[in-house]
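Participant: Got a sequence here, can you model it:
(2 chains)
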Amino acid sequence: KAGVTQTPRYLIKTRGQQVTLSCSPISGHRSVSWYQQTPGQGLQFLFEYFSETQRNKGNFPGRFSGRQFSNSRSEMNVSTLELGDSALYLCASSVGDRDNSPLHFGNGTRLTVT
Amino acid sequence: DAKTTQPTSMDCAEGRAANLPCNHSTISGNEYVYWYRQIHSQGPQYIIHGLKNNETNEMASLIITEDRKSSTLILPHATLRDTAVYYCIVRVDGAAGNKLTFGGGTRVLVKP
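Facilitator: Residues are numbered from 1 along each chain as shown, chains lettered A, B, ... in the order given. From the prediction side, this is the model:
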């Protein structure tokens, strides 16, 4: 079974621009979560989508948004980029049916904001 | 979610067992213990999880104390490829969704 796929792998953007990251979950998984990882803050939860609806949200500003499509693929968008948004953005998927199936992570998109 | 405490780092000899401790003294009855690891530049990799009983899979064993306030991840025969940051996470059962709260983890260095 193919794992979680994130594209692109690397991205360089300028302050003020916006960016869209993509995540394809493992086949059959309906929950997709997004995390931000920085050296200073570690791994932090952004939000989770299940069946095209946001189910959980972390403490990030409204510039960070996401969506999920009917095929469970997900995108996250960051608008008005700031230097501090430079990070590894990780996507994780799970079966998601309010069970304890583990989350499986992709290898992330490394975003650099200059 | 309950907070976890792990040593910042530890070394292990190749071929020996690596025992990684984790304290979660405020864990609730419906919270599971999960272990992930992250090798440099990759996403976290799921290792194992458990609620009360000890668990074993092809990667590792998880020992949870009877009072559930601490646990130990055991890598039975550490290899150089096990060098990674290991995260112990406690997670409310799936009814609350899939939010994981990561701490700082333990940086494990397996030495030849």
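Participant: Tell me who's in contact with B:Pro76.
Facilitator: B:Ala17, B:Ala60, B:Ser61 (C-beta atoms under 8 Å, 6 or more residues apart in numbering or on different chains). Every residue, glycine included, has its C-beta placed from N, CA and C.
Participant: May I ask which helix or strand of chain B has the lowest mean pLDDT?
Facilitator: With mean pLDDT, DSSP states H and E as the measure, the helix or strand of chain B carrying the lowest mean pLDDT is strand B:84-92 (a mean of 91).
Participant: for it, packing partners?
Facilitator: Packing contacts for strand B:84-92, counted by 3 or more C-beta pairs under 8 Å, 6 or more residues apart in numbering or on different chains; DSSP states H and E, involve strand B:18-23, strand B:31-38, strand B:70-75, strand B:106-111.
Participant: Is it possible to get JSON lines of the ones you listed that adds mean pLDDT?
Facilitator: Shown next, in JSON lines, are these (pLDDT from 0 to 100):
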{"stretch": "strand B:18-23", "mean pLDDT": "97"}
{"stretch": "strand B:31-38", "mean pLDDT": "94"}
{"stretch": "strand B:70-75", "mean pLDDT": "97"}
{"stretch": "strand B:106-111", "mean pLDDT": "97"}
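Participant: nearest to A:Thr38, of those strands?
Facilitator: For A:Thr38, the closest of these is strand B:31-38, at 13.6 Å, according to C-beta to C-beta.
Participant: What strands flank the closest one, and is each parallel or antiparallel?
Facilitator: Applying DSSP bridges, strand B:31-38 is found paired with strand B:45-50 (antiparallel), strand B:84-92 (antiparallel).
Participant: what's the angle between the first one and strand B:18-23?
Facilitator: Taking axes from the mean of the first three to the mean of the last three C-alpha atoms, to 10 degrees, strand B:45-50 and strand B:18-23 form an angle of 60 degrees between their directions.
Participant: List of residues touching strand B:45-50?
Facilitator: Strand B:45-50 has contacts (C-beta under 8 Å, 6+ apart) with A:100, A:102-105, B:32-39, B:55-57, B:59-62, B:64, B:71, B:73, B:86, B:91.
Participant: ok so, going back, mind giving me the PyMOL command for buried ones among the contacts of B:Pro76?
Facilitator: The buried subset of the contacts of B:Pro76, as determined by 16 or more other C-beta atoms under 10 Å in any protein chain shown, is captured in PyMOL by this line:
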select buried, chain B and resi 60+61
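Participant: Show me what residue of chain B gets nearest to chain A.
Facilitator: Using C-beta to the nearest C-beta, the point where chain B gets nearest to chain A is B:Gly43, with a distance of 3.4 Å.
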